[in-house]
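Asker: coords please:
(chains A, B and C)
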Amino acid sequence: MKIITRSAVSGVASALVLGTALSLTPKDASAAWEPKKPVDFVIMAGKGGGADKMARLMQSVIEKHNLSSKPFVPINKPGGSGAEALIHLKGTSGANKDHTVMVTLNSFYTTPMRQPGLGVDISTFAPIGRMAEDTFLLWVHKDSGINSVTDFVSAAKAKGNNWIMAGTGKGQEDQLLTDFLNRAYGLNMKYVPFKGGGRVAKELAGKHADSTVNNPSEQLGFYEAGTTRPLAAFTPNRLELFGDAPTFKELGEDFVYFMQRSVVGAPGMSGEAEAYYRRVFAQVYASDEWQDYMKKKSLYGGFLTGQRLKDYWLRERDIHQKMLKEIGEI
Amino acid sequence: MRRAELVMALILALCSISLMVKSAELPIGWIPGEGPGGGAFPFWLSTGMLICCVWIIINWVRKLGPVATSTAAYMDKEALILFVLAAGSLTVMIGLIHVVGVYVSVPLFLVFYVRFVGRHSWPLTGGLAVVTPIVAFFFFEIALRITLPKGKTEPLFYPLYDIFL
Amino acid sequence: MEIINLLADGFLIVFQPLYLAIIIGGVTLGLFIGAMPGLGSVNGVAILLPMTFLMEEQAPGSAIIFLAAIYYGAMYGGAISSIMLGIPGASTAVATTFDGRPLALKGLADQALVAAATASFIGGTISVLLFTGFAPPLAKVALSFGAPEEFALMMLAFATFIGLGGDDISKTFFSIFIGLVLSAVGLDIISGQPRLIFFDIPGFFHGVNFLVLAIGIYGIGEMLWTIESSRGDVQLSKATVSVRRIIDNIVRMKETTKAMVMGSFLGYFVGILPAAGATPGSLMAYGVAKTMSKDPDSFGKGNLIGVAAPEAANNAASTGSMLPMLTLGIPGSPTTAILLGGMVIWGLEPGPRLFIEEKEFVWGLIASLYAANLFALLVNIAFIPALIWVLRTPFTILAPSIFVLCVIGGYAPTQDMHDVWLMLLFGVVAYLLRKLDYPMAPAVLAIVLGPLAEASLRQSLIINHGSPMIFFERPISGPLIGIAILLFFMPLFKALKSRLTSSRAAQERS
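Answerer: Coordinates of the predicted model:
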């Protein structure tokens, strides 16, 4: 039995060694820098969430296509809504600066604003690549008989603050969207935080909540089974998968909101290392697996890197600052 | 034992009070329409800890229970030496991990403990001190991809990574 | 019957040599990972996830089968460190230490190991049978559990455990409270605020991991205690092993049949509830087995039933927690959360449609669960002699080795030295407290159940505008809370009754 395990492991190992040998042959002359040790692949969220699933997909694509000579080792650091991960990156020193990258989401903007004591300035982080933008929709249970945003508004108005909106944490994406809906339609929905988007989706499917603002990837299973129904999308254009759901723009509310799925490097990462990771993640982005995943989960967004990614962050940071001020979180 | 019981209860009571103070950074009361605030759960539980400490002290005064009446020493000299030896060497090992990493600090600890505390033979001691880091490297770093801390010795591992990863 | 045909097709896939090899390999690897204190099924599955990408290309469907085999192997392996070292390698194996450790100290480690393996097998088999027969209706039960039901369940778990502490009630309560306070460190999920970040050390942001406390108490604290009580070089256990003994031990398991069956059903039903997972299931099974027993005082001192019941339950629950993952796309435990991520990577969509659209995959997986369970039993029993041999090494070699395992095991899950220091602190404090008869098990249970209980309590209260009546008004949570309250007051009733009878006896005498 032991022999089988070992041969399975060594089979994989030899495949890796082979891959390493292949990827070591220089693709172009400037590809001089290579990681010297396994790369810390920090995930700014807990196990099993959207960011975690994507990070593990990226890691798998890197391994499968031998995009890096050293493995990427994922570590979840969800503590303090990502505060722990930000401090970890900020505190890297020596060789670790060139061997630490992180998968981020929108808490990358909101956490430093809500916890100014951390002293984290996101413009110092190395912009490696924006891999996707996740979309949001407004969801209700099929049995509620609600078919449109108009139905939703009248039903939610009737129930006042007995209308339960389940979401993934206070001061985060779901609450920003809930607050938008409350203000735009004069509602008074009760926001109840749960741990993780999958859990939120289940609360709706089990009729413990009246509505949610899940990502497509979280609701897809229930949607396909006909349990839940999307009413409208927080995107500029209709999503291919949910063609029947209009955008809020069409309904006369100019509100578009995305969740970024980006990879950042530790502050102070050397130029060569940054260039290396940019190349790796550009290849991940172009891979069939990634493109397929984006299509299946209704993800938006092209690959952004360098100064353009930095500009995008600063723009998004200002938008979030405004939103957080409006709901009184900062 | 009797004195240790009182001292421990007093220390724990102090800890409980500082936990209560720390918890009070967040609202500890009942927020109308929502339930308890963010600090309520830890605050009232630390209050519970404090009450338990007071209860233990009352039992001590009333001489209830086997510990409060025991006349045996809390830690005799031999026990103290064993404790300091074990916990101290462990602390030094963990401290050294920051400086020289697991792969130097663990063998040093094993040599100290197996040879100087356990008085086993040198071949056995040496064998353990050599085999343990090698097994740990292959099990954790190669098979499971868990990077263990290496401190200053990290650059020495770059060639190994090139060979095995 | 359609199910039987589908299952037969599944078995045809699984019994191809390649798939069998994958199952056996996965089970063995899982066993080692699970037996390491600090590493459990979550780590095993997460770490080996990328490897399966290559496997899936070679043999479709093999990836999840491999990971499921690791999952099973690790569940079996968790019992090994609980029994042999007294350190629960994962929260699911806490209850196994209560009687497994005393058995090992009596020189009956082989018996405890056989009991754990057999009970795991029974639990696994019963749960897979339940899974085969009733997956869709049970998925509905899982959906009907909201925050109030979850809180009621947590109360029930606490209540079944109220009698677990030592003789000194004040110290037992202290232990429960401190465990609950430690569980509150990190983030308050309702307000989104960090809390109890002592001295602004960033390591506290991720909270106090259960493993840090458990390895501290049971690893370092227990070793310091043993060093003091043994005073020098002794063998920890004088266990011997032979084929004859193993067979006798398996035969002896007949005595525990009732407990194993009870544990399997209980574990399975708790396991299918989202967010609950295998830990509350195994704790409740232990509590119930103790209450049902004619000789409850022998629990905690090396009763075979105390090993069999929680082990049957945690394996049943780990199968159970796959049910919401496959049918609803919701993980029932951290490990299934990773498996879920894996399925997405391989292009499968977990959720209500999976049973219809991916029949081959689902039944291949179920068949592989049967096979993984059988092979985990065989591999586990085959390793028992080697494990017993390890126990016979002199204590001055075993102790430093365990210390090293604790340090690496404490580091591995979060890769943060902060946790190692915290573990050392807990170990030393636990040793000092233990000398004064403070019981430690309640603190470990509290840190596992605390976060679930607090979040579900506060969510329910927000939903109901702050009124606690919600727990009594709902059809499932009402009865659960009622039973929990009854169990809470049981010791009080018993105490009152015995006081009454004794005072009556005293009156009669006078």
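Asker: what does stretch C:362-373 contact?
Answerer: With CB atoms under 8 Å, 6 or more residues apart in numbering or on different chains as the contact definition, stretch C:362-373 has outside contacts at C:6-7, C:9-11, C:13-15, C:19-20, C:23, C:26-27, C:61, C:64-65, C:68-69, C:72-73, C:120-121, C:124-125, C:128, C:131-132, C:315, C:319, C:322, C:326, C:354-355. The C-beta positions use only the backbone N, C-alpha and C, and glycine is treated the same way.
Asker: out of these, which are buried?
Answerer: Buried positions within these, assessed by neighbour count (16 or more other CB atoms under 10 Å in any protein chain shown), are C:6-7, C:10-11, C:13-14, C:19-20, C:23, C:26-27, C:61, C:64-65, C:68-69, C:72-73, C:120-121, C:124-125, C:128, C:131-132, C:315, C:319, C:322, C:326, C:354-355.
Asker: So which of those residues reach chain A?
Answerer: Restricting the buried ones among the contacts of stretch C:362-373 to those touching chain A (CB under 8 Å from any CB of the partner chain) yields residue C:354.
Asker: Flag every buried residue along the longest helix seen in chain C.
Answerer: When chain C is scanned for its longest helix (criterion: DSSP state H), the result is helix C:109-143. Buried residues in helix C:109-143, defined by neighbour count with 16+ other CB under 10 Å: C:109-128, C:130-132, C:135, C:138-139, C:142-143.
Asker: near chain B, from those residues?
Answerer: Among those, no residue sits close to chain B (CB under 8 Å from any CB).
Asker: Count the neighbours of the closest residue to residue C:88 other than its chain neighbours for me.
Answerer: Of all residues not flanking residue C:88 in the chain, residue C:94 sits nearest, at 4.5 Å (CB to CB, 6 or more residues apart in numbering or on different chains). The local packing of residue C:94 (other CB atoms under 10 Å in any protein chain shown) involves 25 other residues.
Asker: do residue C:284 as well
Answerer: Counted with other CB under 10 Å, residues neighbouring residue C:284 total 28.
Asker: wait, doesn't it sit right on residue C:159?
Answerer: No: at 9.3 Å, residue C:284 and residue C:159 do not qualify as touching, with contact defined as CB atoms under 8 Å.
Asker: Taking chain B, what residue is nearest to chain A?
Answerer: Of all residues in chain B, the one sitting closest to chain A is residue B:158 (4.7 Å; CB to the nearest CB).
Asker: Helix or strand: which one has residue A:198?
Answerer: Following DSSP states H and E, one finds residue A:198 within helix A:197-205.
Asker: Okay, angle between that helix and helix C:109-143 too, please.
Answerer: Using axes from the mean of the first three to the mean of the last three CA atoms, to 10 degrees, one finds that helix A:197-205 and helix C:109-143 are set 50 degrees apart in direction.
Asker: Just confirm yes or no for helix A:197-205 near chain C.
Answerer: Yes: Helix A:197-205 is in contact with chain C by CB under 8 Å from any CB, via A:198-199, A:201-203, A:205.
Asker: what sits against the residue of chain B closest to chain A?
Answerer: Counting by CB under 8 Å, 6+ apart, residue B:158 touches A:36-37.
Asker: ok, how many other residues are close to residue B:131?
Answerer: 12.
Asker: same question, the one 3 residues further on
Answerer: Counted by other CB under 10 Å, the residues lying close to residue B:134 total 10.
Asker: can you tell me if the one helix or strand it maps to touches chain C.
Answerer: According to DSSP H and E, residue B:134 maps onto helix B:122-136. Yes: Helix B:122-136 reaches chain C (CB under 8 Å from any CB) through B:124, B:128, B:132, B:136.
Asker: what does the stretch 51-200 of chain C have sitting close to chain A?
Answerer: Counting by CB under 8 Å from any CB, the stretch 51-200 of chain C sits next to chain A at C:51, C:53-54, C:143-147, C:186-187, C:189-194, C:197, C:200.
Asker: Can I get the buried part of these as one PyMOL selection?
Answerer: Only the buried entries of these go into this PyMOL selection, using 16+ other CB under 10 Å:
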select buried, chain C and resi 51+53+54+143+145+146+147+186+187+189+190+191+192+193+194+197
